[in-house]
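# build me a model:
(one chain, ligands or ions: 2)
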Amino acid sequence: MRVLDDLSLAGARVLVRVDLNVPMRDGRVSDATRIDRAAPTLSELSDKGAKVIVLSHFGRPKGKVVGEMSLAPLAEPLGAALDRPVAFADMDGAAAAVAAMSGGDVLLLENVRFDPGEEANAPGFARRLAALGDLYVNDAFSCAHRAHASTEALAHLLPNAAGRSLQAELAALEAALAKPKRPVAALVGGAKVSSKLAVLGHLLDKVDQLIIGGGMANTFLFAKGVNVGASLCEADLAGTAREIMARAGTVGCEIVLPVDVVLAAEFKAGADSATVPVDKVPDGMMILDVGPASVRDLTDRLRSCRTLLWNGPLGAFEIAPFDGGTVKVAQAAAALTRAGTLTSVAGGGDTVAALRHAGAADDFTYVSTAGGAFLEWLEGKPLPGIKALEDQ
Ligand code: ADP
Ligand code: MG
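Ligands and ions are numbered 1, 2, ... in the order given. Model prediction:
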């Protein structure tokens with residue numbers, strides 16, 4: 001895969017796919033993380049004299065022009081992040097706007113999903129985009145699991161490269177799973193086993209320890225004959241859980257489950273909670289977090305690991321005190337990362353929120369905000385947007 005250093009940029013028209021699908025509230029950007037991730041590549045291209053033509057989707061307009069999903073309001077905040085003016089054009093005005101550009105200029109194009117050809121990965125729409133540029137750069141890892149015209153077909157039509165943030169994301173993911181420093185642990189939590197079967201299956205073969213927490217641990221405990229009371233539990237997946245545990249045994253991966261748990265009769269703020277050993281859950285009670293002995297166990301394990309890959313919270317972290325296990329283990333992983341003994345890579349919508357809540361996100365080696373693309377990567381699926389760059 002080529003990177004920006006491999007392209008001859010000065011004066012070239014460069015189409016750059018980024019992810020500007022930012023959360024907005026009352027017409028303002030409420031979380032600028034994605035703009036900040038796109039900025040280094042866009043600034044570098046502009047500084048090197050390229051004519052920078054920015055492509056992104058926004059929302060789900062389903063191939064039609066939908067006024068509220070225009071990218072026009074993003075030109076100003078993008079300009080502020082790049083510290084230079086950003087012009088805007090829709091597809092009808094794009095050719096003229098590009099023709100008027102000088103080296104270093106930045107032009108934001110309208111939401112690519114306004115054209116039905118985008119999500120259809122249509123060659124015709126990809127050709128219309130390609131006609132606007134000389135080179136293609138993809139800097140949107142979070143969109144790489146979709147084969148869309150601006151993420152896939154376009155890459156086949158122009159000389160291409162990965163942008164800096166895509167490059168960093170791939171390097172971090174590679175450090176966590178493809179060639180990790182061992183021992184490597186994966187911590188998989190969250191609500192349901194059913195939503196993460198493919199993730200568990202893929203990780204089993206790659207990691208030394210598979211730590212299972214959150215609601216999904218309940219299904220594994222149940223499968224081992226432990227009473228889980230009224231906890232979230234997918235009883236119909238008990239057989240699958242037993243198969244996973246059996247396969248782990250044959251490939252030499254240790255499955256780690258909670259040794260104690262935090263219980264409550266209901267899931268609400270300020271509910272009475274109790275901590276019990278995992279084999280002492282009374283009927284009618286719900287497991288909502290891992291307990292302090294589990295936190296100690298996991299922290300000890302992380303101390304002797306060199307790499308941690310984390311997806312899914314250890315408990316129902318949205319409501320105190322059930323955030324305790326996730327917060328303490330996240331802080332332990334952050335401290336070990338700061339101390340230089342652990343490479344820590346995390347991703348997943350709720351995971352990112354939980355790590356931020358714990359004040360640990362900034363200390364992790366890498367936190368992926370890519371959502372669906374991160375999960376598909378965790379499942380070991382090839383990502384079409386990455387493959388298209390590699391195919392060149
Ligand atoms: P991510 O978005 O990071 O991939 P998930 O969506 O898989 O993570 O899981 C997050 C959800 O799992 C949270 O809403 C959390 O409340 C829930 N959860 C975690 N542990 C439990 C539990 N013991 N019982 C019920 N829900 C849980
Ligand atoms: Mg989630």
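
# CA only for contacts and neighbour counts going forward, please
Will do.

# what residues does the stretch 201-350 of the chain have near ligand 1?
Neighbours of ligand 1 within the stretch 201-350 of the chain, by C-alpha under 6 Å from any ligand atom: 214-215, 232, 287-289, 311-318, 348-350.

# need the buried ones from those residues selected in PyMOL.
In PyMOL, this line selects whichever of these come out buried by 16 or more other C-alpha atoms under 10 Å:
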select buried, resi 214+215+232+287+288+289+311+312+313+314+315+316+317+348+349+350
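
# out of the residues of the stretch 201-350 of the chain next to ligand 1, list just those in strands.
I287, L288, D289, N311 (DSSP state E).

# re the thing from before, please flag which of the residues of the stretch 201-350 of the chain next to ligand 1 sit within helices.
Under the assignment DSSP state H, these contribute G214, G215, G349, D350 to helices.

# and these, which is the shakiest by pLDDT?
Lowest pLDDT within these is found at G349 (91).

# coming back round to it: so which of the ones in strands among the residues of the stretch 201-350 of the chain next to ligand 1 would you say is closest to K179?
N311 (18.5 Å; C-alpha to C-alpha).

# with adjacent residues omitted, what lies nearest to that closest one?
Nearest residue to N311 in three dimensions, chain neighbours excluded: V188, at 5.0 Å (C-alpha to C-alpha, 6 or more residues apart in numbering).

# how close does that neighbour sit to A353?
V188 sits 15 Å away from A353, going by C-alpha to C-alpha, to the nearest Å.

# about what we covered before: burial of the residue nearest to N311, as a residue count?
24 (other C-alpha atoms under 10 Å).

# for the one 5 residues further on, same thing?
The local packing of V193 (other C-alpha under 10 Å) involves 26 other residues.

# on contacts alone, who are the packing partners of the helix or strand of the chain with the lowest mean pLDDT?
Sorting the helices and strands of the chain by mean pLDDT, DSSP states H and E puts strand 24-25 at the bottom, at a mean of 90. Judged by 3 or more C-alpha pairs under 8 Å, 6 or more residues apart in numbering; DSSP states H and E, strand 24-25 is in contact with no other helix or strand.

# paired strands for the helix or strand just after it, with orientation please.
Using DSSP states H and E, the helix or strand that directly follows strand 24-25 along the chain is strand 28-29. Neighbouring strands of strand 28-29 in its sheet, by DSSP bridges, are strand 24-25 (antiparallel).

# and the stretch 51-200 of the chain, which residues reach ligand 1?
Checking the stretch 51-200 of the chain against ligand 1 by C-alpha under 6 Å from any ligand atom, the hits are G190, A191.

# and the residue of the stretch 51-200 of the chain closest to ligand 1?
Closest to ligand 1 within the stretch 51-200 of the chain is G190: 3.1 Å, counting by C-alpha to the nearest ligand atom.

# for that residue, what are its contacts?
G213, G214, G215, M216, N311, G312, P313, L314, G315 (C-alpha atoms under 8 Å, 6 or more residues apart in numbering).

# and which of these is nearest A161?
Using C-alpha to C-alpha, these come closest to A161 at N311, 28.6 Å.

# close enough to count as contact, the closest one and K196?
No. Judged on C-alpha atoms under 8 Å, N311 makes no contact with K196 at a distance of 9.8 Å.

# return every residue with contacts to both of these two.
Any residue near both N311 and K196 by C-alpha under 8 Å, 6+ apart counts here, and not one turns up.

# A217: which element?
With DSSP H and E as criterion, A217 is part of helix 214-223.

# remind me what that helix packs against, helices and strands.
helix 238-251, strand 286-290.

# buried deepest among the ones you listed, which one?
When those are scored by mean count of other C-alpha atoms under 10 Å, the highest mean neighbour count falls to strand 286-290 (a mean of 29).

# picking up where we left off before, how about the contacts of G190, which pair is most distant?
G215 and N311, at 13.0 Å, using C-alpha to C-alpha across the contacts of G190.

# give me the common contacts of these two.
Counting by C-alpha under 8 Å, 6+ apart, the residues touching both G215 and N311 are G189, G190.

# what comes up buried for stretch 56-73?
Buried-residue list, stretch 56-73, by 16+ other C-alpha under 10 Å: S56, H57, F58, G59, P61, G63, V65, M69, S70, L71, A72.
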